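> Have a look; sequence and predicted model below, questions after that.
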Amino acid sequence: MALSASDLPAMYSLLVNSMSGDESLRKPAEAALSESESRPGFCSCLMEVITAKDLVSQVDIRLMASVYFKNSVNRYWRNKRDSSGISNEEKIHLRQKLLSHLREENYQIALMLAVLISKIARIDYPKEWPELFSVLAQQLQSADVLTSHRIFMIIFRTLKELSTKRLTSDQKTFAQEVQPVKDVSPVLLNAIQSFLPYYSSFQKVYPKFWDFTGRACTKLMKVLVAIQGRHPFTFGDKCVLLPVMEFCLNKITEPEPDLLSFEQFLIQCMVMVKCVLECKEYKRSLTGRVMDENRITQEQIKKNISSSVGGVLTSLLPNDRIILLCNVLIRRYFVLTPSDLEELYQNPESFHHEQDMVQWTEKLRPCAEALYIVLFENHSQLLGPVVVSLLQEAMKGCATSVTELTPGLLLKDAAYGAAAYVYYELSNYLSFKDWYNGALSQELSNDHPNMCIIHRKVALILGQWVSEIKDDTQRPVYCDLIKLLQDKNLSVRLAACRSLCLHVEDANFSEREFRDLLPICWGSCFKLVEEVQEFDSKVQVLYLISVLIAHVSEVIPFADNLVQFFQKVWEESSGESLLLIQLLIALRNFVVALGCQSPLCYTLLLPILQKGMDVNGPDELLEDSLLLWEAALSYAPSLVPQLVAYFPSLVDIMERSFDHLQVSVTIIEDYIILGGADFLQMHASSVARILDLIVGNVNDKGILSTLPVIDTLVQCFPAEVPPLICSTLQKLITICLSGGDDRDPSRTAVKATSAAILARILVMNTNYLAQLTSEQSTLSLLQKAGIPVKENILLSLVDVWLDKVDNVSSIQKKTFGLALSIILTLRLPQVLDMLDQILSVCTTVMLSGNEEVDEEESSGENLSCTKSHGEGSIPCIELRRRQIKFSDPINQMSLETSVRENLQTCAGLHGESFNTAIGNMHPAALEQLKQALKMQ
């Protein structure tokens, strides 16, 4: 039964009771409201409560009504099969009512109504509600300040909601022609132009209006930026883009005096210009068009719009205006202000981070720099000579001996910044070597405190231009950066720290030229970490130390100092996850650099490892802790008791998730190789638990990374391991006998590698595989997986070995051959049915055995010979891994002998039937078999 106006008192009472602290009143009211949601007229009643003039003061009741209204729209506005939904008549009434109640005084309710309108528009616009934006735009013309604010809120929310629609038809509608953008954008711009003149006049007389005007202008500009980002094609229309860009460019290049202090608004103007200049939709596409294609495609429409926008931008930005904009950005917005200079001298550390690490949309100078970079990239040929000319002008106007804070010094700082930010494009117009020798190196000879401004910018330049610093320039640049790392001003030292990172990480880094500077560099870094106070500074210095450890060879002489340094950082960084992550990375590099002398840092490393692998610790530290754990094992000359005792923690980690599967698997293998039988005796159950967790519960990629560990285990401990991991082996049998790998290469690889492991067990522990395949639990697992099984599971595996022999490595092929030769000894008549195929595979493997060499094996031999190339360049465990691989018993076995002997056994078992089977072989195949067995 439909609700009507007569139900309003009851609805009001339910809403009041639903907010009661008395549960006996609240629960029934909530239940009644929930039951009423699907009744016709429910939303209309709520709307009456929200808009009732006599309830204006009862904000909580009206807000609760708006919440129920929003929930009903979400559930019932769109008609569904299982619900009648809201009738079309009621929808029309509600849409009209919403647009007639725009001047809502309470902000929370106004926001909820804006969300409501956006949700309804997502469903109804444009088919059922075509007049939405035109009505809003029309009401803006005569609206007061409050109503204007509410309308802008609705427009912003609605456009944002519509732009997230993902259906193809919706995307076509909103990717190109969106009429509301054309209707609303000019209105928004007019509103900004109307408000802006009052910004300065209100400041002293009406501070509240001044604050509101500032926030309104900034917000409206943000709305325009958001519209451009979400609807670039429609925004590119001449009637929208031209006036908006013209307005923004004028405010940037020719602002009124009072506007220069209105930084937030200028930032949004710059953001708008930058977004338009780098908008990919406005870039002309180089793709062609199909010949004789008559219909105009969506892509062609986009191309046409892009071309049209290109024309608008060309008219907006002729060469002289581009040059003007470039000059204004550098000469006005790059120049340090008095407040900047005060910050630089009073708090240089904060100044460094505010200038170089702040979000570019938050501060005026970083925003101007971001706009300048995009402008230069778009017009590098035009602006290259302009920037070089400005740079030369600034250097001539301020000699390197100047110490006063003159406008010339500040302009030179700005010009140096401009040259640093576009180093890649500017290198075509400016020789770094000449610039460095003629000016930059001389700047550093002036040690006056005021020169910290220029020194900081020189440090920035030396880092940004790293690709141009070569040959005889490298050494002096390294020396200059080390000198800057010892500057009295922290902002200079932090800038030098970052630039040193860029040099050390560069492909052309010369350790030979840097070697004697290393002690000073380490010392300066240690000192800098002690002096800086801010978290970001410590992370930055720690990163440089990590980079140095990773890229220089002479680390061991400084090991004691580094251990003390890391210990201090660890103790002082509790709770600072980002700093701890950087410390873990640095420690990993340290362990790698120490190589087999890594026990030198165990007093520091082992407690950190123990804390990092705790599953109850911070999640963000776990990955880097595991990588550090793996590095510690890889470079350990032997397993110390503490490392052995840590292994059960890996079970807890794997039981929680498989997010770190790859590194965890490597850790298991490292323990097996390093610890051998002693490790297995202590932690066999943990190893079995982890493998059982992984196999059958991860995807093919995860299984493929795990199977080599199982293979290594079986190879090293053929008698002890198979019974320990019987559950895992049963899952491998299930994988081998399942289908679905015909068109899936990864599945084929999993099946082939699993089959090779089972073949190895048959070769090295024949009785156990025979026992495992005959157990009832194995058969039950296969039946549970829906896999049809022959009478003998082992013979089913033979089919897999025969089928997958071409999908495995040479050592695995030999393993298949040895396993198949053992099958010949079974007293089963089915063996003779397979005899031809078995012998064919064995023959192929024998004939090709001397020719096939795994690339991995070959590279392993070369690797073992390069041990002396660099200290610590090869993990200690890698040599052991190679030794295990080369000592594989499969390598020592003779397939030829095995086939010959087992053929004789087979002949003795089957007598005349064997001779018949041999006689049925193709003569050429029999001839090849004799050749392989050297029977000719």
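Yep, it's here. Numbers count the residues shown, from 1 in each chain.
> Could you report the neighbour count for the residue nearest to E531 when sequence neighbours are not counted?
Leaving aside its chain neighbours, E531 sits nearest to L490 (6.9 Å; criterion: Cβ to Cβ, 6 or more residues apart in numbering). No exception for glycine: its C-beta is placed from N, CA and C like everyone else's. Around L490 there are 23 other residues, counting by other Cβ atoms under 10 Å.
> Against E530, how distant is L490?
Using Cβ to Cβ, to the nearest Å, L490 is found at 12 Å from E530.
> From what I see, the residue nearest to E531 and E349 are in contact.
Yes - taking Cβ atoms under 8 Å as the definition, L490 is a contact partner of E349 at 4.7 Å.
> and for these two, which residues touch both?
Common contact partners of L490 and E349 (Cβ atoms under 8 Å, 6 or more residues apart in numbering): 532, 537.
> picking up where we left off before, if I look at the residue nearest to E531, how far off is I703?
Distance, L490 to I703, by Cβ to Cβ: 52 Å.
> now swap in G617 and tell me
28 Å.
> can you list the residues that contact stretch 21-37?
The contact list for stretch 21-37 (Cβ under 8 Å, 6+ apart) reads 3, 11, 13-20, 42, 68, 71-72, 75-76.
> Among those, name the buried ones.
3, 11, 14-15, 17-18, 42, 68, 72, 76 (16 or more other Cβ atoms under 10 Å).
> and G617 and I703? which has more neighbours close in?
When neighbours are counted by other Cβ under 10 Å, G617 and I703 differ, and I703 comes out ahead with 25 against 13.
> ok, Q228 touching V276?
Yes - counting by Cβ under 8 Å, Q228 touches V276, with 6.7 Å between them.
> Could I get the buried residue list for the helix or strand where S34 lies?
Element membership for S34 (DSSP states H and E) is helix 23-36. Buried residues in helix 23-36, counting neighbours by 16+ other Cβ under 10 Å, are found at 25, 29, 33, 36.
> can you tell me how far the residue nearest to Y199 when sequence neighbours are not counted sits from L802?
Leaving aside its sequence neighbours, Y199 sits nearest to T213 (Cβ to Cβ, 6+ apart; 5.1 Å). Going from T213 to L802 by Cβ to Cβ gives 83 Å.
> what about these two, which has more around it?
T213 (22 against 16).
> Tell me who's in contact with the more buried one.
Neighbours of T213 in contact, by Cβ under 8 Å, 6+ apart: 195-196, 198-199, 202.
> export those residues to a markdown table and tack on pLDDT?
As requested, the contacts of T213 are exported to a markdown table (pLDDT from 0 to 100):
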| residue | pLDDT |
| --- | --- |
| F195 | 82 |
| L196 | 86 |
| Y198 | 78 |
| Y199 | 79 |
| F202 | 75 |
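> wait, which of those residues is closest to L329?
Of all these, L196 has the smallest distance to L329: 21.3 Å, by Cβ to Cβ.
> got the phi/psi numbers for the closest one?
The phi/psi pair for L196 (degrees, to the nearest 10) reads phi -60, psi -40.
> How many neighbouring residues does C479 have?
Neighbour count of C479, defined by other Cβ under 10 Å: 17.
> From here on, call the first residue 19.
All right, first residue 19 from here; so that's C497.
> OK, contacts around the closest residue to it other than its chain neighbours?
Excluding the flanking residues, the one nearest C497 by Cβ to Cβ, 6+ apart is L535, at 6.9 Å. Residues in contact with L535 (Cβ under 8 Å, 6+ apart) are 496-497, 500.
> could you redo the last one with a cut-off of 10 Å?
Contacts for L535 (Cβ atoms under 10 Å, 6 or more residues apart in numbering) come out as 493, 496-497, 499-501, 503, 518, 542.
> Now tabulate those in CSV and tack on secondary structure and distance to L444.
Below are the contacts of L535 laid out as CSV (DSSP: H, G, I helix; E, B strand; the rest coil; distance: Cβ to Cβ, whole Å):
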residue, secondary structure, distance to L444
R493, helix, 24
Y496, helix, 23
C497, helix, 24
L499, helix, 21
I500, helix, 26
K501, helix, 25
L503, coil, 26
L518, helix, 22
S542, helix, 30
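> Report the residue ranges of every domain in this structure.
Listed by the TED database, the domain ranges of the chain are 19-182, 739-867+892-953.
> Which of the helices and strands in the chain ranks last by mean pLDDT?
Least confident helix or strand of the chain, by mean pLDDT, DSSP states H and E, is helix 873-883 with a mean of 41.
> so what secondary structure elements neighbour the helix or strand that that one is followed by?
Later in the chain than helix 873-883, the nearest helix or strand by DSSP H and E is helix 894-904. Counting contacts by 3 or more Cβ pairs under 10 Å, 6 or more residues apart in numbering; DSSP states H and E, helix 894-904 packs against helix 637-652, helix 679-712, helix 718-734, helix 873-883.
> For those, give me a markdown table that also has distance to T379.
Output for the helices and strands packed on helix 894-904, formatted as a markdown table (distance: least, Cβ to Cβ, whole Å):
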| stretch | distance to T379 |
| --- | --- |
| helix 637-652 | 26 |
| helix 679-712 | 37 |
| helix 718-734 | 39 |
| helix 873-883 | 50 |
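> worst average pLDDT in these?
With a mean of 41, helix 873-883 has the lowest mean pLDDT of the helices and strands packed on helix 894-904.
> before we move on, the earlier item: which ones among the contacts of stretch 39-55 are found in helices?
Applying DSSP state H to those, the entries found in helices are 29, 31-35, 60, 86, 89-90, 93-94.
> for those, which one is nearest L598?
Using Cβ to Cβ, N89 comes nearest to L598 of the ones in helices among the contacts of stretch 39-55, at 43.3 Å.
> Tell me the pLDDT of the closest one.
In this model, N89 carries a pLDDT of 89.
> Just give the nearest non-adjacent residue to it, would you?
Spatial nearest neighbour of N89, excluding adjacent residues (Cβ to Cβ, 6+ apart): E55 at 7.2 Å.
> measure that neighbour to R93 for me?
From E55 over to R93 (counting by Cβ to Cβ), the distance is 7 Å.
> Of the buried ones among the contacts of stretch 39-55, which pair is most distant in space?
N35 and Y94 (22.9 Å).
> Is it possible to get CSV of the contacts of T231 that adds secondary structure and distance to G415?
Listed next are the contacts of T231 as CSV, based on three-state DSSP; distance: Cβ to Cβ, whole Å:
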residue, secondary structure, distance to G415
F213, helix, 40
L214, coil, 35
Y216, helix, 40
Y217, helix, 35
F220, helix, 40
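> Which of these sits closest to L560?
Nearest to L560 among the contacts of T231, with distances taken as Cβ to Cβ, is Y217, at 44.9 Å.
> I'd say that closest one and L277 touch.
Yes - using Cβ atoms under 10 Å, Y217 is in contact with L277, at 7.4 Å.
> If you count surrounding residues, which of those two has more?
In this view Y217 and L277 are compared by other Cβ under 10 Å, and Y217 has more residues nearby, 20 against 17.
> Contact partners for that one?
227-228, 231-232, 234-235, 274, 276-277, 279-280, 283 are the contacts of Y217 under Cβ under 10 Å, 6+ apart.
> Tell me the buried residues in the one helix or strand I908 maps to?
Element membership for I908 (DSSP H and E) is helix 907-910. By 16+ other Cβ under 10 Å, the buried positions in helix 907-910 come out as I908.
> now stretch 615-626
For stretch 615-626, using 16+ other Cβ under 10 Å, the buried residues are 615-620, 622-624, 626.
> Take those residues and keep only those in strands.
Assignment to strands by DSSP state E places none of the buried residues of stretch 615-626 there.
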